[in-house]
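Q: Below are the sequence and a predicted model for it; my questions follow.
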Amino acid sequence: MRRVFMPTPLLILGCFGASWVLVDSLAAPVNVSIRDLKGSSAVVTWDIPDGEPVIGFAITQQKKDVRMLRFIQEVNTTTRSCALWDLEADTDYIVHVQSISISGPSPLSEPLQFKTPKEAETQASKSKDEVTMEEVGQNAQLRAGEIIIIVVVLIMWAGVIALFCRQYDIIKDNEPNNNKDKAKNSSECSTPEHPSGGLLRSKFPKNNNNNRTPSVNIIKV
């Protein structure tokens, strides 16, 4: 790969170009355009017709109404773009593109004229982009905070529900045991004759002569 940069007067370029043998069969590049235009730089792009045996390109960059230009040449490449640098802000430029084959260069493409923006416009565009990126970052942080809060609330609610279910199961399991204890205590304190829990005691025991005497039963409640 070889790249040549030649800032040279237009007259010298004409002599340089005349020493080349133009190949009539090689078509000139098409769809030449400018992108990423800034105050001091730009990128020129183009297309090559299908089937052309292209091995490189050549670009001439000239200020409008000025007989000075820059010549850029690169071979052994299939790229379809080239960066232009060291441009002056608020200045008109004219660009031509040529395809290069083994036999030589193609005719010049149609001239492309563009104007670089002023420094103030470039700074304003840059500031706008920075503000936009800052707003995007702030929105992302707010969304992340909202998501965290929602997750924490859901976890707390899940914990409360789990604790309530556990307490409810414990209370439900203890109810049959309490009922059994109450029934047992009630049966121990009662007799068939006196369900209310009274006890029968004999006041006068039997004598040794097997003579039965009247007895009085006293019920103690």
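A: Okay, I see it.
Q: Name the next helix or strand downstream of the lowest-mean-pLDDT helix or strand in the chain, please.
A: None of the helices or strands of the chain scores lower by mean pLDDT, DSSP states H and E than helix 10-18, at a mean of 36. Where DSSP states H and E defines the elements, the next helix or strand beyond helix 10-18 is strand 30-35.
Q: From the contact counts, what lies against that next one?
A: With contacts taken as 3 or more C-beta pairs under 8 Å, 6 or more residues apart in numbering; DSSP states H and E, strand 30-35 sits against strand 42-47, strand 92-100, strand 112-115. To be clear about C-beta, it is placed using only N, CA and C from the backbone, and glycine gets the same treatment.
Q: Out of those strands, which is closest to residue 76?
A: Between residue 76 and these, the shortest gap by C-beta to C-beta is with strand 92-100, which sits at 9.7 Å.
Q: Okay, domains of the chain per the record?
A: Domain assignment of the chain by automatic domain parsing yields the ranges 2-117, 131-173.
Q: among these, which is the most enclosed?
A: Neighbour counts (mean count of other C-beta atoms under 10 Å) averaged over each of those peak at domain 2-117, with a mean of 15.
Q: gap between residue 116 and residue 97?
A: Distance, residue 116 to residue 97, by C-beta to C-beta, to the nearest Å: 18 Å.
Q: In this structure, where is pLDDT below threshold?
A: Residue ranges of the chain with pLDDT under 70: 1-24, 121-136, 175-221.
Q: at 80 instead, please
A: For the chain, residues meeting the criterion pLDDT under 80 lie at 1-25, 67, 120-139, 141-142, 169, 171-221.
Q: residue ranges for the helices of it, please.
A: Applying DSSP state H to the chain gives helices spanning 10-18, 119-188.
Q: From residue 65, how far out is the residue nearest to residue 54 when sequence neighbours are not counted?
A: If the residues on either side of it in the chain are set aside, residue 54 comes closest to residue 99, at 4.6 Å by C-beta to C-beta, 6 or more residues apart in numbering. Separation of residue 99 from residue 65 (C-beta to C-beta) stands at 28 Å.
Q: do you know which of the helices and strands packed on strand 30-35 lies nearest residue 160?
A: Comparing these by C-beta to C-beta, strand 42-47 comes nearest, at 60.9 Å.
Q: and the closest one, what does it pack onto?
A: On a contact count with 3+ C-beta pairs under 8 Å, 6+ apart, strand 42-47 meets strand 30-35, strand 81-84, strand 92-100.
Q: any chance of the ones you listed in CSV, plus distance to residue 61?
A: What follows is the helices and strands packed on strand 42-47, written out as CSV (distance: least, C-beta to C-beta, whole Å):
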stretch, distance to residue 61
strand 30-35, 11
strand 81-84, 6
strand 92-100, 5
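Q: For residue 150, find the nearest of those.
A: The closest of the helices and strands packed on strand 42-47 to residue 150 is strand 30-35. By C-beta to C-beta, the value is 43.1 Å.
Q: tell me the angle that closest one makes with strand 42-47.
A: 160 degrees (axes from the mean of the first three to the mean of the last three C-alpha atoms, to 10 degrees).
Q: Please work out which residues outside strand 30-35 touch it.
A: Strand 30-35 has contacts (C-beta atoms under 8 Å, 6 or more residues apart in numbering) with 42-49, 95, 97, 109-110, 112, 114.
Q: Try it again at 7 Å.
A: 42, 43, 44, 45, 46, 47, 49, 97, 109, 110, 112, 114 (C-beta atoms under 7 Å, 6 or more residues apart in numbering).
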